[in-house]
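**Student:** next input, structure requested:
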Amino acid sequence: MIRLVATDMDGTFLRKDGTYDRQRLEKLLTAFGDDIIFTVASGRALIAVDKLFEGFVDRLAIIAENGGVVQYKGDILFEQVMPKADYLAIVDLLESLGDCAGYLLSGRQGSYAPLDASQDYLDHMERYYENVQRCDLTEVEDDIFKVTCQFTVETVAAREEWLNSKLDGKTAVTTGFDAMDIIYSDLHKATGLKALAQQLEISPEEMIGFGDNLNDYEMLDFVGTAIATENARQEIKAISNQVIGHCDDEAVMTYLEGLVK
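**Tutor:** Model prediction:
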């Protein structure tokens, strides 16, 4: 019996333009009732996910910041913040590379880019983060959960490998085809899912997970049934029980509607 479904957002539940059919979700949540928990599992900041699902938050579980925050029906169940010394050390590493297209600190109240961040980068990141702003990063007072950064499609894999050779107790993980997040090594979407499952007394065998990218790997490996979208990376398809349609066709929504029927 399925008691929880966990789905990644970008490239999975959301269409490529970052939207979803709110009427279909309303009907789906009504059909789920109290029997199945719909869980958003995203690398996005919690405030961005809350905004994206405005009107639904009190009916959802949310795993944000790639496992750094877990929220259930509006209440925080788990979170892990990054001390200033740790995120500033990551910033120094990114600055030393010279070819990073941009980076942000993802926090509770907003997202923070260095003073010399390009406007193009900020405009791009406003699709995924809230309250994006330039500032002196040494003076940020907000709680920070992770660092996110962007390279090119051609260099992101090599830069991930280089960063992981330098990071201590933290991991760079690809979240998009040109982007990665830097988080604590013991944090990932499965960490958040485990915290949620323990609180709600749900076993992995009672879960279905949907994903498309490398930051979904641990989550899909944890759940009883793993499903990849057609547009997913090959590494994700390889560990999945099933490959469904494209995110632009709202294949996850269609699958879940079939589940309740």
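
**Student:** now the strands for the stretch 151-261 of the chain?
**Tutor:** Secondary structure of the stretch 151-261 of the chain (DSSP state E, counting those that start in this stretch): strands at 170-174, 179-184, 207-211, 225-228, 242-243.

**Student:** swap that for the stretch 1-150 of the chain, please
**Tutor:** Under DSSP E, counting those that start in this stretch, the stretch 1-150 of the chain gives strands at 4-7, 37-41, 61-64, 69-72, 75-79, 102-107, 111-113, 132-134, 144-150.

**Student:** quick one: contacts of the first one?
**Tutor:** Yep, that's strand 4-7 we're talking about. For strand 4-7, contacts defined as Cβ atoms under 8 Å, 6 or more residues apart in numbering pick out 13, 36-41, 61, 63, 189, 193, 196-197, 200, 202, 206-211, 219, 223, 252, 256, 259. Any C-beta I mention is one placed from the backbone N, CA and C, and that applies to glycine too.

**Student:** who touches stretch 116-132?
**Tutor:** 10, 18, 44-45, 47-48, 51, 101-104, 106, 109-111, 113, 134, 148, 150.

**Student:** dump the residue contacts of Phe56.
**Tutor:** Phe56 touches 25-26, 29, counting by Cβ under 8 Å, 6+ apart.

**Student:** and those residues, which of them are buried?
**Tutor:** Applying 16 or more other Cβ atoms under 10 Å to the contacts of Phe56, the neighbour count classes 25, 29 as buried.

**Student:** in CSV: the contacts of Phe56, plus distance to Leu88 and pLDDT.
**Tutor:** Converted to CSV, those look like this (distance: Cβ to Cβ, whole Å; pLDDT from 0 to 100):
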residue, distance to Leu88, pLDDT
Leu25, 39, 98
Glu26, 43, 98
Leu29, 41, 97
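
**Student:** looking at the contacts of Phe56, which is nearest Val243?
**Tutor:** For the contacts of Phe56, the minimum distance to Val243 (Cβ to Cβ) is 22.5 Å, reached by Leu25.

**Student:** first-to-last residue distance for stretch 182-192?
**Tutor:** With Cα to Cα, to the nearest Å as the measure, the first residue of stretch 182-192 is 16 Å from its last.

**Student:** may I see the buried residues of that stretch?
**Tutor:** 182-184, 187-192.

**Student:** for Ala89, which of the strands of the stretch 151-261 of the chain is the nearest?
**Tutor:** Using Cβ to Cβ, these put strand 170-174 closest to Ala89, at 9.0 Å.

**Student:** other SSEs contacting the closest one?
**Tutor:** Packing partners of strand 170-174 (3 or more Cβ pairs under 8 Å, 6 or more residues apart in numbering; DSSP states H and E): helix 156-166, strand 179-184.

**Student:** ok so, going back, and the buried residues of stretch 182-192 as TSV, adding pLDDT?
**Tutor:** Formatted as TSV, those follow (pLDDT from 0 to 100):
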residue	pLDDT
Ile182	96
Ile183	94
Tyr184	93
Leu187	92
His188	94
Lys189	96
Ala190	96
Thr191	95
Gly192	94
